[in-house]
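**Q** Quick one, fold the following:
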Amino acid sequence: MSEFGEIPSLYQKLRLLIDHGHYADWTALAAAFGVNSPSTVQAWGHGGARQKKDWVPPKHQGKLLEVFAKAFAERHYSAPRIRQVILLPISDFEAELKGASFARLEEVIAQVGKTNACAVFTHSSRLGMVRRHGARQREPQCTIPMGTPFRIEARTPIESGHACALQQVGTLWGSVDVSFEASSHRLHVPGFTEDGALDFVEESDQPGLHRFIILQSRTALSAALLANLRQDSVLDPRTLGELAAVFAALKDEHRRIYVVDIAFTEPGRPAAPADAT
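**A** Okay, the predicted model is just below:
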């Protein structure tokens, strides 16, 4: 493959690899290129007295595809496709990275997630789960009218309170409260009220298919990651990429991911049959 020439917005693209959690910092990125000094890699983007701006020296160009391919591993891009992505305008490059962060987390969930381990409750009943027989498309495991309070629980073998929960609606991801009840080895979404009773949550904004994911680890998640997950706003791709990297690196005995798909219907439409248990 021919050598790279000028790479538009090279510094910003390298910075985005860090911002999206594919490299911890400039030192880690420099090490991936086989360079000792982070400032050397930064200079490739900024330029200098003896360094052309947006240009990687020929002796380090052999690492370019490998360094950038790490961000797109779950998309299985070919080498020519990685080259095309590297040369994209910065806005298009960032859009590719965002999509890769979502794909990375979805890949981990698909590999590890357990889809028949959650129970969904309303105030009055436990909802029956729809059993799926080899369906390739996502289907709801239960149906709930919008505005109906509900909660989710999953029994786990892991003796740890290190857990977080997500709600996915289309391409949007948000954080949901979750609590670990050590006495029963159960994870509860959204958790408990101040007086210790199990709390409920409701969906009142967006009908359709929603996915709820509970992620549990034997080891504590970093304070920075937890702080990002606790934001009220839509979660950013970097946070999702970091979360995916953490759970992808854990051994199976040190992690659990529980998944339930719920369809929310407009008020007045019937919910799925309830299980009396």
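
**Q** Low-confidence stretches in the chain?
**A** 1-2, 128-138, 268-277 (pLDDT under 70).

**Q** Relative to the whole chain's centre, how far out is the lengthiest helix in it?
**A** Longest helix in the chain, counting residues (DSSP state H): helix 90-112. In terms of Cα atoms, centre = their mean, to the nearest Å, the centre of helix 90-112 is set 8 Å apart from its chain centre.

**Q** after it, next one along is what?
**A** Per DSSP states H and E, the first helix or strand lying C-terminal to helix 90-112 is strand 118-122.

**Q** Can you name the residues in contact with that next one?
**A** 126-127, 129, 141-142, 144, 148-154, 200, 212, 214, 258-260, 262, 274 (Cβ atoms under 8 Å, 6 or more residues apart in numbering). (Glycine included, C-beta is placed from N, CA and C.)

**Q** Identify all contacting residues around the longest helix of the chain.
**A** For helix 90-112, the external contacting residues (Cβ under 8 Å, 6+ apart) are 8-9, 12-13, 16-17, 20-21, 71-75, 85-86, 88, 171, 173, 213, 237-238, 240-241, 243-245, 247-248, 252, 255-257, 259.

**Q** Please put the alpha-carbon coordinates of it into CSV.
**A** Extracted as CSV, the C-alpha positions of helix 90-112 are listed here (Å, rounded to 0.1, in the frame of the first residue of the first chain):
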residue,chain,number,x,y,z
ILE,A,90,-12.7,15.5,10.7
SER,A,91,-16.5,15.7,11.0
ASP,A,92,-16.9,12.4,9.1
PHE,A,93,-14.1,10.8,11.0
GLU,A,94,-15.7,11.7,14.3
ALA,A,95,-19.1,10.3,13.1
GLU,A,96,-17.3,7.0,12.3
LEU,A,97,-15.8,6.9,15.7
LYS,A,98,-19.2,7.5,17.4
GLY,A,99,-20.7,4.6,15.5
ALA,A,100,-17.7,2.4,16.4
SER,A,101,-18.2,3.2,20.1
PHE,A,102,-21.8,2.1,19.9
ALA,A,103,-20.9,-1.0,18.0
ARG,A,104,-18.2,-1.8,20.5
LEU,A,105,-20.6,-1.8,23.5
GLU,A,106,-23.3,-3.6,21.5
GLU,A,107,-20.8,-6.3,20.6
VAL,A,108,-19.9,-6.9,24.3
ILE,A,109,-23.6,-7.0,25.2
ALA,A,110,-24.3,-9.5,22.4
GLN,A,111,-21.4,-11.7,23.5
VAL,A,112,-22.0,-11.6,27.3
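
**Q** Identify each buried residue in it, please.
**A** 93-94, 96-98, 100-106, 108-109, 112 (16 or more other Cβ atoms under 10 Å).
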